[in-house]
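In: sequence first, predicted model second:
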Amino acid sequence: MNSHVLIIAGMHRSGTSFTADWLQTCGLNIGQRLLYGTPGEKAHYEDKDFVELHKAILAEHQVGHLLPHPVNLTVSAHFQDHAQALAIEGRGHPNWGWKDPRTTLFLPFWRSVLPSARYLMVFRRYDEVVDSLHRRNEKVAPLRVPLIYVRDEYNYDIWSEVRRVLVRNYAGLRRRTPRIGDMVSFRLVKPLRKLRSSYANLSVTRLYARNWAFYNQAMLAFYRDHREDCLVVSIDQLLQLSLEIVEYLNRQWGFTLTPRPATSGFDSARMQRNQPTWKARLCERLYPPVKAVYQDLLTVESRSLARLGTGESDPSAM
């Protein structure tokens with residue numbers, strides 16, 4: 001079987017789940033064991049086998065998917081064997097691929113495993129991504145965890161033990177006197193949770209902005225070396241040019257997907273855009289490189305969009 005693989009890359013909360021959902025409707029096999037979101041969320045459309053592999057490699061380096069600083073992520077031999085097994089399994093499908101934002105941190109490694117793979121790289125403005133991370137954090141972070149929390153990742157700070165004591169006392173209060181406990185929850189706990197998951201939490205906002213830059217810099221670096229195998233598009237352009245993108249994948253890269261408009265499955269309420277300008281300025285103040293990285297992404301995107309109409313590879317260097 002002539003197998004074609006498409007790797008979907010991008011920072012967390014940048015529209016990669018939506019992209020994987022859309023491409024699945026077009027006929028791309030994105031895995032059988034998909035990871036589902038928290039209650040009230042749609043599926044993440046992440047293949048658990050790839051997610052678990054990436055998490056294990058990150059754990060070996062004692063980091064999570066939010067990096068405290070740039071890390072040289074080498075891949076041990078036993079993880080290389082696991083990746084080869086996943087690649088062999090995927091080759092049973094004519095059009096296959098996967099989505100896991102962590103993949104963005106391992107693009108050169110996957111290039112060595114799958115030399116013929118193609119890459120659809122999705123990006124979104126840094127203020128929108130940071131805002132989305134904050135909103136998700138407010139939904140899923142229980143009170144008992146430390147200041148910095150994103151989904152299943154914990155970073156304990158100096159106040160962790162104090163917080164555990166306070167939460168234990170608060171839980172006891174709710175059992176003994178539910179009415180007082182409810183009042184404390186309404187007057188104190190909920191406002192604190194909202195404050196922790198907001199731009200006012202500067203340490204977390206900086207962490208999010210810094211990782212937006214780390215992930216997108218990784219994409220740009222990979223693009224510079226393999227631009228003929230990459231399409232780089234913002235989520236806004238993907239919505240407008242979804243049919244052209246699928247046609248390019250088929251015509252230029254040999255996929256046999258069915259063109260379907262991405263807008264048919266887009267829920268604008270789930271992807272809040274047009275953030276207040278102060279949020280972008282705060283991100284730029286907390287981590288100045290984000291603005292230059294975003295401009296580089298727009299430059300690369302313009303070259304990708306130019307290719308959609310011609311079907312030609314991008315001969316220019318970045």
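Out: Right, received. Where do you want to start?
In: so which residues make contact with stretch 217-235?
Out: Stretch 217-235 is touched from outside by 9-10, 14-15, 18-19, 104-105, 107-108, 111, 117-125, 241, 245, 248, 271, 289, 293, 296-298, 300-301, 303-305, 307, 313-314, 317-318, with contacts defined as C-beta atoms under 8 Å, 6 or more residues apart in numbering. The C-beta positions use only the backbone N, C-alpha and C, and glycine is treated the same way.
In: please flag which of the residues you listed sit within strands.
Out: Assigned to strands by DSSP state E, the following of those qualify: 9, 118-123.
In: ok, the residues you listed vs Thr205, which is closest?
Out: For the ones in strands among the contacts of stretch 217-235, the minimum distance to Thr205 (C-beta to C-beta) is 18.9 Å, reached by Phe123.
In: quick check: the residue lying closest to the closest one once chain neighbours are set aside vs Tyr287, distance?
Out: The shortest distance from Phe123 to any residue other than its chain neighbours is 5.0 Å, reached at Leu297 (C-beta to C-beta, 6 or more residues apart in numbering). Leu297 is 15 Å from Tyr287, where distance means C-beta to C-beta, to the nearest Å.
In: can you give me the helices in the stretch 151-300 of the chain?
Out: For the stretch 151-300 of the chain, the helices defined by DSSP state H, counting those that start in this stretch cover 160-176, 178-184, 190-196, 202-226, 235-240, 242-253, 277-286, 289-310.
In: please apply the same query to the stretch 1-150 of the chain.
Out: 16-25, 48-60, 77-90, 107-113, 126-140.
In: flag every buried residue along the longest one.
Out: By neighbour count, and taking 16 or more other C-beta atoms under 10 Å as the criterion, the buried residues in helix 126-140 are 126-134, 136-137, 140.
In: and of the residues you listed, the nearest to Ser76?
Out: Distance ranking of these against Ser76, using C-beta to C-beta, places Leu133 first at 29.3 Å.
In: so where's this protein shaky on pLDDT?
Out: Low-confidence segments of the chain, defined by pLDDT under 70, span residues 1, 35-43, 138-174, 181-196, 265-272, 310-318.
In: can you list the domains in it?
Out: When the chain is parsed into structural domains using automatic domain parsing, the resulting residue ranges are 4-125+210-310, 142-196.
In: right, and the ones you listed - which one's nearest Ser203?
Out: Taking C-beta to C-beta as the measure, the domains of the chain were each checked against Ser203, and domain 142-196 came out nearest at 7.0 Å.
In: how many residues are close by Arg175?
Out: Residues contacting Arg175 under the criterion other C-beta atoms under 10 Å number 8.
In: so Gly31 touches Glu52, yeah?
Out: No. The pair Gly31 / Glu52 is not scored as a contact, 11.7 Å apart, by C-beta atoms under 8 Å.
In: between the two, who's got more neighbours?
Out: Legend: neighbour count by other C-beta under 10 Å for Gly31 and Glu52, higher for Gly31 (24 against 15).
In: what sits against the more buried one?
Out: Going by C-beta under 8 Å, 6+ apart, the list of residues near Gly31 reads 46-50, 98.
In: for it, give its distance to Glu89.
Out: Gly31 sits 10 Å away from Glu89 when distances are taken as C-beta to C-beta.
In: sweet, I'm off.
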